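Participant: here is a sequence together with a model predicted from it:
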There are 2 protein chains.
Amino acid sequence: MTKNRYENGEIMKLRRSERMVVISNYLINNPYKLTSLNTFAEKYEAAKSSISEDIAIIKKAFEESGIGEIETVTGASGGVIFTPGISDEEAKAVIEELRDRLSESNRILPGGYIYLSDLLSTPKILQSVGRIIANAFKGNKIDAVMTVATKGVPLANAVANILNVPFVIVRRDLKITEGSTVSVNYASGSSDRIEKMFLSKRSLKPNSRVLIVDDFLKGGGTISGMVSLLKEFDSTLVGVAVFAENAQEKRDRMTYKSLLKVSEIDVKNNHVKVEIGNIFD
Amino acid sequence: MTKNRYENGEIMKLRRSERMVVISNYLINNPYKLTSLNTFAEKYEAAKSSISEDIAIIKKAFEESGIGEIETVTGASGGVIFTPGISDEEAKAVIEELRDRLSESNRILPGGYIYLSDLLSTPKILQSVGRIIANAFKGNKIDAVMTVATKGVPLANAVANILNVPFVIVRRDLKITEGSTVSVNYASGSSDRIEKMFLSKRSLKPNSRVLIVDDFLKGGGTISGMVSLLKEFDSTLVGVAVFAENAQEKRDRMTYKSLLKVSEIDVKNNHVKVEIGNIFD
């Protein structure tokens, strides 16, 4: 969005190098969005052929440096689409660092829980994790990202930022500010209690293709609950991604991708063992 | 992050135009971070003087198109810092569009509430709102963004993304996954009930300078509660920003910036009147 150059009715006229910087910024901030070359040509008062050359250079730079891919769609309604990416090497480096941080012994909480909130509230980490999860589902059409309040929200937000689609927040309590809701029952974690989760009726369009994300996978009851909700909204599950899974937990067979796997929590000796999840399998 | 070009030990060597695209991407993704020119010079195997020229062009393009400012810090520990910005014109256009969307009569919920969740779960909107709020507090040192679960989380996340600082989530319920918490009492909204809010002890460092954000300001009790929490953490309030305020609500004198002001909710006639908030005052 560089509208401000239109102040005083003036049309933006930039040197090629400046134009490339501004077009790069536009693409980075508008992932998965088809933009016609004419839009750029009009905005920056340049020939379509010049814009086309700019895009070719940006494409090369983006692809060689792992920023992402630029696809050109030909035809009358054509244009360019930027798909953010991440190289396996960079993704691995990020996950290895997260594994080391998750292995810190001072994260163990009474009850065998692990403190994650600091990681999931740091923009730089969320951004990388968002890119890794979005990249793992590349090629799938996704209309929305779903999660459950509260801990999953920043993660869903991060993935939705990259995919440029809305995110949908399922709640465990009823809030008047949500309007009409649909509810389903689900089996809550280890305790085998049956609880309810709610989704605002207007928060998800019917026939949506949905990616579910969550911070920590234990028994899988929460995920199953969200999958039931999808049916109530005539929507389809594209996949499930979690930041970390507890490998010691028994759960029904389900397909998901995890960034990290907690394979051992020894509260007595204050030791936690964390491995890379199945996301690279 | 373009580490992947180091694959096979190779050092990145790009044409100037490509290098500018990649450096722009780096700066956009690392706001408020000081990066030395040597870092770029080593990464892209270019002379420091060439990098300096690249930065000058990027700076010009960023500033002319309202993307933000690039500041050069001289000296041994010097480098460049990118501060994202937004022009008044673009900010106004965004807020005007939000005002129109908030004025839609189908947002009125029983009890005089307004449905906001769709707006606060759309990445493109959140990104613009984050830039507007961050820009309104430009020049202030901010170490963290604080909000209350659940509705404020995406907003805090968006502002924190721009400021490149962590966000801190205050809860109205106690969760075992948060570890030790500090709690304060606060007066909950219209009903004059006294309730409790909790913040995990490890989520905020002492002596932090904190920006509080929330989605909807009614009586101000929640904000006052968060301000009390700041004292418990020996931290300082930098300011308060809300997405929308209810102008009909009586509240104690407090200083805040609002993007939107709901001046009338007429549930009977299904009419809501929304104006631009005080953020441009």
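Facilitator: Yep, it's here. Keep in mind that what you see is a predicted model, and the values were worked out from it rather than measured.

Participant: now A:Lys48: how far from A:Val80?
Facilitator: 12 Å (CB to CB, to the nearest Å). Any C-beta I mention is one placed from the backbone N, CA and C, and that applies to glycine too.

Participant: name the element A:Glu69 belongs to?
Facilitator: Assessed by DSSP states H and E, A:Glu69 sits inside strand A:68-73.

Participant: ok, and for that strand, which residues are buried?
Facilitator: A:68, A:70 (16 or more other CB atoms under 10 Å in any protein chain shown).

Participant: on that earlier part again, so for A:Lys48 and A:Val80, which sits in the more crowded spot?
Facilitator: A count of neighbours by other CB atoms under 10 Å in any protein chain shown puts A:Val80 above the other of A:Lys48 and A:Val80, at 22 against 13.

Participant: picking that back up, what about the following helix or strand past the strand holding A:Glu69, near chain B?
Facilitator: Under the assignment DSSP H and E, the closest C-terminal helix or strand after strand A:68-73 is strand A:79-84. No. For strand A:79-84, no contact with chain B is found by CB under 8 Å from any CB of the partner chain; the gap never falls below 10.2 Å.

Participant: what comes into contact with strand A:79-84?
Facilitator: A:27-28, A:30-37, A:39, A:55, A:62, A:67-73, A:131, A:134-135, A:138, A:162 (CB atoms under 8 Å, 6 or more residues apart in numbering or on different chains).

Participant: starting at the chain centroid, how far to that strand?
Facilitator: In terms of CA atoms, centre = their mean, to the nearest Å, the centre of strand A:79-84 is set 17 Å apart from its chain centre.

Participant: need the residues of the stretch 151-281 of chain A near chain B, please.
Facilitator: Residues of the stretch 151-281 of chain A found near chain B (CB under 8 Å from any CB) are A:151, A:153-154, A:157, A:160-161, A:164-169, A:171, A:175-179, A:200, A:202-203, A:216.

Participant: are any of those residues buried, and if so which?
Facilitator: Buried among these (16+ other CB under 10 Å): A:151, A:153-154, A:157, A:160-161, A:164-169, A:171, A:178-179, A:200, A:203, A:216.

Participant: helices of the stretch 101-250 of chain A, start to end?
Facilitator: With DSSP state H, counting those that start in this stretch as the criterion, the stretch 101-250 of chain A has helices at A:123-136, A:153-163, A:221-232.

Participant: JSON lines for these, including mean pLDDT and distance to B:Arg193?
Facilitator: Shown next, in JSON lines, are the helices of the stretch 101-250 of chain A (pLDDT from 0 to 100; distance: least, CB to CB, whole Å):
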{"stretch": "helix A:123-136", "mean pLDDT": "97", "distance to B:Arg193": "34"}
{"stretch": "helix A:153-163", "mean pLDDT": "97", "distance to B:Arg193": "25"}
{"stretch": "helix A:221-232", "mean pLDDT": "96", "distance to B:Arg193": "29"}
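
Participant: single out the most deeply packed of the ones you listed.
Facilitator: helix A:153-163 (a mean of 27; mean count of other CB atoms under 10 Å in any protein chain shown).

Participant: alpha carbons of that helix, as PDB, please.
Facilitator: Extracted as PDB, the C-alpha positions of helix A:153-163 are listed here (Å, rounded to 0.1, in the frame of the first residue of the first chain):
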ATOM      1  CA  VAL A 153      -4.500 -17.500  18.700                       C
ATOM      2  CA  PRO A 154      -1.000 -16.000  18.000                       C
ATOM      3  CA  LEU A 155       0.000 -19.100  16.100                       C
ATOM      4  CA  ALA A 156      -3.200 -19.000  13.900                       C
ATOM      5  CA  ASN A 157      -2.600 -15.300  13.400                       C
ATOM      6  CA  ALA A 158       0.900 -16.000  12.200                       C
ATOM      7  CA  VAL A 159      -0.100 -18.700   9.800                       C
ATOM      8  CA  ALA A 160      -3.000 -16.600   8.500                       C
ATOM      9  CA  ASN A 161      -0.700 -13.600   7.900                       C
ATOM     10  CA  ILE A 162       1.400 -15.700   5.600                       C
ATOM     11  CA  LEU A 163      -1.500 -17.300   3.800                       C
END
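
Participant: so how far is it from its chain's centroid?
Facilitator: 4 Å.

Participant: ok, and what's touching the strand holding A:Glu69?
Facilitator: A:27, A:31, A:34, A:55, A:58-59, A:62-63, A:78-85.

Participant: one more time with 10 Å, if that's ok
Facilitator: The contact list for strand A:68-73, computed with CB atoms under 10 Å, 6 or more residues apart in numbering or on different chains, reads A:27-28, A:31, A:34-37, A:52, A:55-56, A:58-63, A:78-86, A:131, A:134-135, A:138, A:162, B:25.

Participant: endpoints of stretch A:138-152, how far apart?
Facilitator: 21 Å (CA to CA, to the nearest Å).

Participant: show me what the host helix or strand of A:Asn25 is packed against.
Facilitator: In this structure, A:Asn25 sits in helix A:16-29 according to DSSP H and E. The contact analysis (3 or more CB pairs under 10 Å, 6 or more residues apart in numbering or on different chains; DSSP states H and E) places helix A:16-29 against helix A:37-43, helix A:48-64, strand A:68-73, strand A:79-84, helix B:16-29, helix B:48-64, helix B:123-136.
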